[in-house]
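Asks: What follows is a protein structure lacking sequence information:
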């Protein structure tokens, strides 16, 4: 290996070691902003989380826009004080906003792109509150025999089967047997088969 290749590998290694430490200090972001039918972690939340994580490191970042023909690309550069850097490219997709002029729409597109590009570059997850609630509820669910007895449809049984905890093999077997019997009875009714 040449000296410059060895030096570059050393810079790269130092950068990634520091970057891994930064990523460990970033926690997932809560979705605190409200959209029309959704919640999201905004750009300010994202930047604040990154600033906090890089505060005691030798890592920094910058974002710039490159114009190529009729499209624009957001370039996110994460760099180290040792001179090593990594770039990622995110296309700026023009948003169509009803009550905004072209400049305002472009600004909104840039903000949107910055948020997603930073979250991707730093590996920041946003909290999926719906999934978290479902997962939490599922962990605490214990299906009872009376629930299984009360279930009358395949859909109710499917729901109960999914709610069973990992230790509920007996309950899952009962649910499966009851679902099979419901299917057999439904087929008999559909075919008007006389069981006698």
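Replies: Noted; the coordinates are in hand. In this text the structure is predicted, and so the values were computed from the model without any measurement.
Asks: Below-threshold pLDDT in this structure: ranges please.
Replies: Filtered on pLDDT under 70, the chain yields the residue ranges 1-3, 28-40, 127-142, 182-196.
Asks: Show me where it has its strands.
Replies: For the chain, the strands defined by DSSP state E occupy 33-34, 39-40, 59-68, 71-80, 85-92.
Asks: among those strands, which is nearest residue 4?
Replies: Of all these, strand 85-92 sits nearest to residue 4, with 16.3 Å by CB to CB. Quick note: C-beta positions are derived from backbone N, CA and C, even for glycine.
Asks: Need the winner for burial among the strands of the chain.
Replies: Comparing the strands of the chain by mean neighbour count (mean count of other CB atoms under 10 Å), strand 71-80 comes out on top with a mean of 17.
Asks: quick one: strands adjacent to that one?
Replies: Sheet pairing for strand 71-80, assigned by DSSP bridges, gives strand 59-68 (antiparallel), strand 85-92 (antiparallel).
Asks: a markdown table for these, including distance to residue 115?
Replies: Converted to a markdown table, the strands paired with strand 71-80 look like this (distance: least, CB to CB, whole Å):
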| stretch | distance to residue 115 |
| --- | --- |
| strand 59-68 | 10 |
| strand 85-92 | 10 |
